[in-house]
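*Asks:* how would this look folded up:
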Amino acid sequence: MYSLVYRSVADESFVLPDIYSMLSRARNLNAENGITGCLLYHNSKFLQLIEGEEKKIRELFQKISNDQRHHQLEIIEQRALNGRMFNDWNMAFHDYGQNGQSAFVKMGQIDSYLNASNAFKQKNPLVLSFFSEVKDILFSY
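*Replies:* Predicted structure coming up:
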């Protein structure tokens, strides 16, 4: 099992209906390729954790890297894992809107993602990196 975490910034022309359409296609492709993960979108910023067979993850990330609908793509961390953190989801997604929710509500939603995942069961530095980035994205204005 291999996982990669990256962040990027959406192009101005990549609006929410386009993101939902992309997500629908990605869920199907990810299911076919045994890829799971979590995608967050807030204030035009993406943060994504993808996990699966290393070769499939590298192939997917190459496609993501070539996608012109986002820029400032940066790998946060990548590493081998003992198991999946998001084994029940093809892709979790939440749009946090444009600064529209309180910190309390946002953290409650993140807690629900964590509780539904295997993140608490794995002692892996990737978990800390990912959720540290989640906090940065959700609370930066």
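*Asks:* so how many other residues sit close to residue 70?
*Replies:* Residue 70 has 19 neighbouring residues, counting by other CB atoms under 10 Å. C-beta coordinates here come from the backbone N, C-alpha and C atoms, glycine included.
*Asks:* nope, residue 32 is what I meant
*Replies:* For residue 32, using other CB under 10 Å, the count is 10.
*Asks:* And for residue 81?
*Replies:* Residues near residue 81, counting by other CB under 10 Å, number 16.
*Asks:* what's near enough to touch the residue lying closest to it once chain neighbours are set aside?
*Replies:* Spatial nearest neighbour of residue 81, excluding adjacent residues (CB to CB, 6 or more residues apart in numbering): residue 1 at 4.4 Å. By CB atoms under 8 Å, 6 or more residues apart in numbering, residue 1 lies in contact with 51, 52, 53, 80, 81, 82, 83, 84.
*Asks:* could you measure the last one against residue 3, distance?
*Replies:* It stands for residue 84. 8 Å (CB to CB, to the nearest Å).
*Asks:* Quick one: low-confidence residue ranges for this structure.
*Replies:* Applying pLDDT under 70 to the chain flags residues 88-107, 109-111, 113-124, 140-141.
*Asks:* I'd like to know which elements the longest helix belonging to it is packed against.
*Replies:* Assignment by DSSP state H gives helix 16-33 as the longest helix of the chain. The contact analysis (3 or more CB pairs under 8 Å, 6 or more residues apart in numbering; DSSP states H and E) places helix 16-33 against strand 36-42, strand 45-52, helix 54-66, strand 92-95.
*Asks:* Would you mind writing the CA trace of the second one as CSV?
*Replies:* As requested, the backbone C-alpha atoms of strand 45-52 are provided in CSV (Å, rounded to 0.1, in the frame of the first residue of the first chain):
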residue,chain,number,x,y,z
LYS,A,45,-7.4,25.1,-2.6
PHE,A,46,-7.3,21.4,-2.9
LEU,A,47,-5.7,18.9,-0.5
GLN,A,48,-5.8,15.3,-1.4
LEU,A,49,-4.6,12.0,0.0
ILE,A,50,-4.6,9.1,-2.4
GLU,A,51,-3.7,5.5,-1.5
GLY,A,52,-3.4,2.2,-3.3
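*Asks:* All set, thanks.
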